[in-house]
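Asks: how would this look folded up:
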Amino acid sequence: MKFIEHPDAELMMFALADQLASDLGSALRQNERATLSVPGGRTPAPVFDTLSGLDLGWDRVTVIPNDERWVPDTHERSNARMIRDRLLRSKASVATFVPLYVDTPEPELAMERLAAAVSPHLPLSVLLLGMGEDGHTASLFPGADRLAEALAPDAPVILPIRAAAAGEPRVTLTARALREAMAIHVLITGAEKRRVIEAAENLPVEEAPIRALLANATVHWAE
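Replies: You can find the predicted model right below:
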């Protein structure tokens, strides 16, 4: 992995927004369309605030969450809600959004529909990931019920997944779909997450699933 230590978190958010815009611009110069996959949660929100106002053919960009909690997009824990509120506004409001939730009781009932929606937009052009202090990324949690399947080289592009640390049932892009992205960035803050991601390089991928994406990733860190 390439590790970039930024002087502070605020500067990191601006620099990362510029880098994502540059990567998307490069993808759009080479292709008719580009796909950006992003995490939910609080950490990337400042990146989205800046990125949403930058000029780059947003009408030719498709945005897909890395993963999703199995809750409606009106729910406070919905990744789609956060992405719409913080990224898909201003100049980015014309981007196409592909959500990873449909109104079914269980995610297993929606896999065929979701895979059909996601697959035309692969491979990902640009991927932004976060990471938890347990080494999970997207919804690839240590100990998750279908983690081995999600990490497999021949995994489908999307899977339902459940883990004690995840709370709700979730759906996630698999390691294969994530790893095939043209540009991969990981955003983390704080001393503990730096320790976790550095340790992950020497751990089995089942114990630190972020390891599955590190070989070609650029990690952005600030205290």
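Asks: mind checking the SS state of the closest residue to residue 108 other than its chain neighbours?
Replies: Nearest in space to residue 108, with sequence neighbours left out and distances taken as CB to CB, 6 or more residues apart in numbering, is residue 160 at 5.1 Å. The C-beta positions use only the backbone N, C-alpha and C, and glycine is treated the same way. Classification of residue 160 using DSSP: H, G, I helix; E, B strand; the rest coil returns strand.
Asks: and the strands in this protein, which stretches?
Replies: Taking DSSP state E as the criterion, the chain contains strands spanning 2-5, 34-38, 61-65, 67-69, 96-97, 126-129, 158-161, 170-173, 183-189, 217-222.
Asks: dump these to TSV, plus distance to residue 75, mean neighbour count and mean pLDDT.
Replies: Compiled in TSV, those are given as follows (distance: least, CB to CB, whole Å; neighbours: other CB atoms under 10 Å; pLDDT from 0 to 100):
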stretch	distance to residue 75	mean neighbour count	mean pLDDT
strand 2-5	34	13	98
strand 34-38	18	26	98
strand 61-65	14	23	98
strand 67-69	8	25	98
strand 96-97	16	16	98
strand 126-129	22	26	98
strand 158-161	17	24	98
strand 170-173	13	27	98
strand 183-189	23	22	98
strand 217-222	28	21	98
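Asks: can you list these in CSV and add distance to residue 107?
Replies: Output for the strands of the chain, formatted as CSV (distance: least, CB to CB, whole Å):
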stretch, distance to residue 107
strand 2-5, 34
strand 34-38, 18
strand 61-65, 13
strand 67-69, 9
strand 96-97, 19
strand 126-129, 20
strand 158-161, 4
strand 170-173, 5
strand 183-189, 25
strand 217-222, 27
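Asks: just to revisit the earlier point, distance check, the residue nearest to residue 108 against residue 101.
Replies: Using CB to CB, to the nearest Å, we find residue 160 at a distance of 11 Å from residue 101.
Asks: between those two, what contacts are shared?
Replies: Residues touching both residue 160 and residue 101 (CB atoms under 8 Å, 6 or more residues apart in numbering): 70, 171.
Asks: rewinding a little: residue 111 is in contact with the residue nearest to residue 108, correct?
Replies: Yes - using CB atoms under 8 Å, residue 160 is in contact with residue 111, at 6.4 Å.
Asks: tell me who's in contact with residue 160.
Replies: Under the criterion of CB under 8 Å, 6+ apart, the contact list for residue 160 reads 70, 106, 107, 108, 111, 146, 169, 170, 171.
Asks: how near is it to residue 170?
Replies: Noted for residue 160: a distance of 7 Å to residue 170, by CB to CB.
Asks: list residues touching both of those two?
Replies: Overlap of the contact sets of residue 160 and residue 170 (by CB under 8 Å, 6+ apart) consists of 70, 107.
Asks: re the thing from before, need the overlap of contacts for residue 160 and residue 111.
Replies: Each of residue 171 lies in contact with both residue 160 and residue 111 under the rule CB under 8 Å, 6+ apart.
Asks: picking up where we left off before, looking at the strands of the chain, which is nearest to residue 206?
Replies: Residue 206 lies closest to strand 158-161 among the strands of the chain, at 13.5 Å (CB to CB).
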